[in-house]
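K.L.:
sequence and computational prediction follow.
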Amino acid sequence: MGNPLPVIAGALRCRLGEQPQAVAADLSRAEPQPLTLPEFPGRPFLYYPLPPASAGEGGALLPRLTDCAAEALQAAALSAEQRAGCGLFLGSSSFAIGDAEQEYRQALDAEPHALPLPHQRYGDLARSLCQTLDLGGGDYTFSTACTSSANALLYAHQAVSSGQMPVALVVGVEGFNRTSLLGFDSLQLLSDTGCRPLDAARDGMVLGEGIAALVITDAQPPATAAWHGLSLLGGANGCDPEGITGSSAEAMCSVMQQALTATATAAGDIALIKAHATGSLGNDAAETAAMARLFAQHKPPVTALKGALGHTLGACGVLELLSLGAALGAGTIPPCAGHQRNPDDNPLPPLRRAEPFPGGRVLCNYFGFGGNNTSLVLEVAGQ
Amino acid sequence: MNPVQLLASTSYAARAEEPATPLKPLLREAGMSDLRRSNRFTALALLGALRCCAGRELPSQCGLYLSSASGGINDTATLLQELIRDRLAPMPLHFINVSSNIAGFSVARELGLHGRNLAVSRLDGGFDCAMELALMDLQAGSVPMALVGVVEECAQPLSSHRRRLGVEATTPLAEQSSWLLLGRGEDEGVQVNWRRHSQALTGEPAEPQAWLAAGDARTCEPGYSPSLSVHQLLRRLETQDRCPLHYLSADQRLQFDFLPAPTQGRDQR
């Protein structure tokens, strides 16, 4: 219970770049790009693509994913024997569907009866990574919508803590695809003006691409230095079976409490909350109420990252943990980019300016479709 | 720590037909009266889970671990055709139905489950992945019970689905919904042990695994499914004086043992 596992390496690819310190320094920026799909010219979108390309122009997903994962493994300096025992925990909501869309379009040019999704299985990306990177500890693919890579983190922690494997690579990946963009648009969940997490005038989400990878191990300091002083203590996952596109405040509060209990953390021990905070009307209201309920006495600072990174769906677990960790490790809590005005009913207003972070425990929330809810607890060493 | 026990198991596997065999009569038989606008993949998941639970009331924190090789491939392929070929934006319900964890959500809603809820996969071993995570949770005390399932559907037309699976045009296909219910209990019934080997086990599989090695899964009844070995395992558990029974994962590194309790001398079912 609450066994701290150091993060010994991390790598990320997001709207703000791929250098953790640079990303951390830019988390106050809320700068989505305009996006228009040629087949739907009358419907402009906002999006957070991976630089330097525009959305959908970055090339196939697997090479970019492999590059990021390889960077994390190289930084972890695992021996061949350690790689042979390293498990891979991968989370995504859309996998390579963006590539499949492009391949299908190209196939239709040659053959009007071309087959959509000729070879698409959830486990393909993870297996390719294991083979390319010589990882032999088993692979685990999670697809639970926005909690996908958060659940990958949760179970990687559990597997390493329980001695199933000494080291694990955890990956979150989400590439641009029309299915997700137009699907969320059909549900009227996207904003045309920008992502304003927990803001009184919020009107929806802005999606983004993201790839992130980290390595956790059971080796303890001083043998292994934690990346930006970051350790994962554990967390909890639960389901709200009443809300197919969003959970109740009660369900969110429950999973946050379970995460605290699982890591032997009191509410008063929490030095910071990273909210899920998508900018959607319903989700943000429920999360606000849940946080207010659990933190009625002790009110830690709150921040959120989707104004800076976009909602990277299944990747947000690992990506937001690393982005936040890089900032906290430098002694700074990033402000909640895009937030301008706190609603009257929110007793925990998110930060609008950066604040010093002296170290301590951080509660990270992730809430997704299908009522899937995950909260994780991190420990960040003080400066 | 109390041992992990097999409380129930069931497996539905049927030849895939064109048009697809209606599932509503089977769902009504299984006790589902409110047949909502779910897709076939979710309907298969509900059918197997309901049959496995067979009216048993589960604790609200029972975990649910659903695996699948390709999920709701029929609806996903259809959505892609409409989006890319026909340039039609998806309808809201259609988009929700292709989300990979909606089947697990639907099962949780039907059974009143608020605990851990995972949609997982592993190439050639989705069931192995789901079982491993469920057993980890049971042994850690994160869940009091675990409902573990593997669901595979066939997309229509079946000829296209055979192309996706890389099987011959005459290969019969099967859709599948195989589930088992695990719990922590006293020392009786069928115990479930597991271990992850550091290296793949080599050599001939020992009896009683011979049946897995005996034939090509493509020629087994009722037809080919990526997880047919799980169907065969669960049928074995149901139909014979079943234990001990050893199941080796596809990568030959994960072993599940179904063992009789010392007191077993009667039919636990």
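P.N.:
Happy to help now that I have it.
K.L.:
what parts of the stretch 251-383 of chain A come near chain B?
P.N.:
For the stretch 251-383 of chain A, the residues in contact with chain B (Cβ under 8 Å from any Cβ of the partner chain) are A:A251, A:S254, A:A262, A:G368, A:F369, A:G370, A:G371, A:N372. Yep, even glycine has a C-beta here, placed from its N, CA and C like the rest.
K.L.:
which of those residues sit farthest apart?
P.N.:
For these, the maximum inter-member distance is 23.5 Å, found between A:A262 and A:F369 (Cβ to Cβ).
K.L.:
who's more crowded, those two?
P.N.:
Neighbours per residue, other Cβ atoms under 10 Å in any protein chain shown: of A:A262 and A:F369, the larger number sits with A:F369, 25 against 22.
K.L.:
so that one sits against A:A145, correct?
P.N.:
Yes. Here A:F369 reaches A:A145: they are 3.8 Å apart, a contact under Cβ atoms under 8 Å.
K.L.:
list residues touching both of those two?
P.N.:
Counting by Cβ atoms under 8 Å, 6 or more residues apart in numbering or on different chains, the shared contacts of A:F369 and A:A145 are B:S99, B:N101.
K.L.:
dump the residue contacts of residue 123.
P.N.:
Since no chain was named, I'll use chain A. When the contact criterion is Cβ under 8 Å, 6+ apart, the partners of A:G123 are A:D139, A:T141, B:A69, B:S121, B:R122, B:L123, B:D124, B:G125, B:G126.
K.L.:
that's the wrong chain, I wanted chain B
P.N.:
B:L123 neighbours (Cβ under 8 Å, 6+ apart): A:R121, A:G123, A:D124, A:A126, A:R127, A:D139, B:A69.
K.L.:
A:A114: neighbouring residues, count only.
P.N.:
So A:A114, with other Cβ under 10 Å, has 17 neighbours.
K.L.:
how much space is there between it and A:A100?
P.N.:
Using Cβ to Cβ, to the nearest Å, A:A114 is found at 12 Å from A:A100.
K.L.:
any part of stretch B:144-160 near chain A?
P.N.:
Yes. Residues of stretch B:144-160 are located near chain A by Cβ under 8 Å from any Cβ, namely B:S160.
K.L.:
just the strands in the stretch 151-269 of chain B please.
P.N.:
All strands of the stretch 151-269 of chain B, identified by DSSP state E, counting those that start in this stretch, fall at B:174-184, B:190-196, B:245-248, B:254-260.
K.L.:
most packed of these?
P.N.:
By mean neighbour count, with neighbours taken as mean count of other Cβ atoms under 10 Å in any protein chain shown, strand B:174-184 ranks first of the strands of the stretch 151-269 of chain B at a mean of 25.
K.L.:
now do the strands in the stretch 251-383 of chain A.
P.N.:
Assigned by DSSP E, counting those that start in this stretch, the stretch 251-383 of chain A shows strands spanning A:270-274, A:302-303, A:332-333, A:355-356, A:360-368, A:372-380.
K.L.:
out of these, which comes closest to A:F45?
P.N.:
Distance to A:F45, taken as Cβ to Cβ, is lowest for strand A:360-368 among the strands of the stretch 251-383 of chain A, at 20.9 Å.
K.L.:
residues of stretch B:45-62 that come out buried?
P.N.:
Within stretch B:45-62, the residues scored as buried using 16 or more other Cβ atoms under 10 Å in any protein chain shown are B:A45, B:L46, B:L47, B:G48, B:A49, B:L50, B:R51, B:C52, B:C53, B:L58, B:C62.
K.L.:
check the average confidence over it, would you?
P.N.:
The average of the pLDDT scores along stretch B:45-62 is 95.
K.L.:
can you tell me what sits against it?
P.N.:
Outside stretch B:45-62, the residues that touch it by Cβ under 8 Å, 6+ apart are B:7-12, B:23, B:26-27, B:30-32, B:38, B:66, B:103-104, B:106-107, B:110-115, B:143-147, B:149, B:151, B:177-181.
K.L.:
restricted to strands, list these.
P.N.:
Those of the contacts of stretch B:45-62 mapping onto strands are B:7-12, B:66, B:145-147, B:149, B:151, B:177-181, per DSSP state E.
K.L.:
quick one: pLDDT of the residue in the stretch 251-383 of chain A that chain B sits nearest to?
P.N.:
As assessed by Cβ to the nearest Cβ, chain B sits closest to A:G370 within the stretch 251-383 of chain A, at 3.6 Å. With respect to pLDDT, A:G370 scores 93.
K.L.:
next one: B:L228
P.N.:
On the pLDDT scale, B:L228 is placed at 89.
K.L.:
I'd say it and B:Q176 touch.
P.N.:
Yes. With contact defined as Cβ under 8 Å, B:L228 counts as touching B:Q176 (7.0 Å).
K.L.:
can you list residues touching both of these two?
P.N.:
The contact sets of B:L228 and B:Q176 overlap at B:A13 (Cβ under 8 Å, 6+ apart).
K.L.:
tell me the contacts of B:S177?
P.N.:
B:S177 sits next to B:S11, B:Y12, B:A13, B:L44, B:A45, B:L47, B:G48, B:A49, B:G149, B:V150, B:V151 when contact means Cβ under 8 Å, 6+ apart.
K.L.:
roughly how far does it sit from chain A?
P.N.:
17 Å (Cβ to the nearest Cβ, to the nearest Å).
K.L.:
buried set for the helix or strand harbouring B:F127?
P.N.:
Per DSSP states H and E, B:F127 falls inside helix B:126-140. Neighbour-count burial for helix B:126-140, with 16+ other Cβ under 10 Å as criterion, is recorded at B:126-139.
K.L.:
turn these into TSV, including distance to chain A.
P.N.:
Shown next, in TSV, are these (distance: Cβ to the nearest Cβ, whole Å):
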residue	distance to chain A
B:G126	7
B:F127	12
B:D128	9
B:C129	6
B:A130	10
B:M131	12
B:E132	8
B:L133	6
B:A134	11
B:L135	10
B:M136	6
B:D137	8
B:L138	12
B:Q139	7
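K.L.:
can you redo those residues as JSON lines with pLDDT?
P.N.:
Formatted as JSON lines, the buried residues of helix B:126-140 follow (pLDDT from 0 to 100):
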{"residue": "B:G126", "pLDDT": "92"}
{"residue": "B:F127", "pLDDT": "94"}
{"residue": "B:D128", "pLDDT": "93"}
{"residue": "B:C129", "pLDDT": "95"}
{"residue": "B:A130", "pLDDT": "97"}
{"residue": "B:M131", "pLDDT": "95"}
{"residue": "B:E132", "pLDDT": "94"}
{"residue": "B:L133", "pLDDT": "97"}
{"residue": "B:A134", "pLDDT": "97"}
{"residue": "B:L135", "pLDDT": "95"}
{"residue": "B:M136", "pLDDT": "94"}
{"residue": "B:D137", "pLDDT": "96"}
{"residue": "B:L138", "pLDDT": "95"}
{"residue": "B:Q139", "pLDDT": "92"}
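K.L.:
out of the residues you listed, flag the one nearest to A:L90.
P.N.:
Set against A:L90, the nearest of these by Cβ to Cβ is B:C129 (11.2 Å).
K.L.:
isn't the closest one right up against B:S67?
P.N.:
Yes. Using Cβ under 8 Å, B:C129 is in contact with B:S67, at 5.9 Å.
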